[in-house]
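Novice: got a predicted structure plus its sequence, pasted below:
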Amino acid sequence: MRNLKNRYIILSFICATILIVTSFMISQSHSLTMVNSTEQKGDAQEELDIKFEGLDAGSGKTKEGVRFSFQLFRSSDGVGLSMTIEDHVSPEQANRELQRIVKKAEKVIKLGPKINGNGEQVGERAVLLFSPNEPSRARAELFWTDGRYLKNISSPSLQHVLKFEKSFYR
């Protein structure tokens, strides 16, 4: 019975991953151009009028047993984006995971404190670029900790990642 439960958890995680990857296949043709152009222009493009529509959501556990939830979005200009929240057992564990991820990034754009809407530091924040072997799979990622939670916004477009953060998490 336990083996069946473990298979179900792994299958759920795989299905969630497939959903995330599939939703971004639509925007793959623009991904390299978007990451490169927004990287050069930085926060200046953040002010464009972009809206986000929710597509799907789910939850599960990682193979390490960390609970997570995710939501998939598409912007008004057709770019895919995902939001993931991992629920770690402690703020220290969430911070360790953030540091592990930062070390894997191809480029660290910005690293510093995460400030909430009241001007209080709630954790650490990292804006990162990941460029796998295939240029069409380049990703901009924003990670931050908030207590025991590790939050992530991911998209082929840095502009969209920053706009999503500004719209929903500041």
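Specialist: Everything's here; your move.
Novice: what's the most centrally placed residue in the chain in contact with, if anything?
Specialist: Compute the mean C-alpha point of the chain, and by Cα atoms, centre = their mean the closest residue is Ile153, 2.7 Å away. For Ile153, the contacting residues are 81-83, 141-142, 161, 164-165, 169, by Cβ atoms under 8 Å, 6 or more residues apart in numbering. C-beta: built from backbone N, CA, C; applies to glycine.
Novice: what does Leu81 give?
Specialist: Counted by Cβ under 8 Å, 6+ apart, Leu81 has contacts 52, 72-75, 153-155, 157, 160-161, 164.
Novice: give me that answer again for 10 Å
Specialist: 23-24, 27, 50, 52, 55, 71-75, 140, 153-157, 160-161, 163-164 (Cβ atoms under 10 Å, 6 or more residues apart in numbering).
Novice: return the subset of those residues lying in strands.
Specialist: 52, 55, 71-75, 140, 153-155 (DSSP state E).
Novice: buried subset of the residues you listed as a ChimeraX selection?
Specialist: Selection command for ChimeraX covering only the buried members of the ones in strands among the contacts of Leu81, criterion 16 or more other Cβ atoms under 10 Å:
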select :52,71,72,73,74,75,140,153,154,155
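Novice: next, format the ones in strands among the contacts of Leu81 as a markdown table and append pLDDT and distance to Lys107.
Specialist: Conversion of these to a markdown table gives the following (pLDDT from 0 to 100; distance: Cβ to Cβ, whole Å):
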| residue | pLDDT | distance to Lys107 |
| --- | --- | --- |
| Phe52 | 95 | 25 |
| Leu55 | 96 | 28 |
| Gln71 | 97 | 26 |
| Leu72 | 97 | 25 |
| Phe73 | 97 | 24 |
| Arg74 | 97 | 26 |
| Ser75 | 96 | 23 |
| Ala140 | 96 | 10 |
| Ile153 | 98 | 17 |
| Ser154 | 97 | 15 |
| Ser155 | 97 | 15 |
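Novice: let me know the closest of the ones in strands among the contacts of Leu81 to Val122.
Specialist: Ile153 (15.5 Å; Cβ to Cβ).
Novice: chain neighbours aside, what residue packs nearest to the closest one?
Specialist: Spatial nearest neighbour of Ile153, chain neighbours left out: Leu142 (4.5 Å); criterion: Cβ to Cβ, 6 or more residues apart in numbering.
Novice: the one you found: neighbour count?
Specialist: Using other Cβ atoms under 10 Å, Leu142 has 23 other residues around it.
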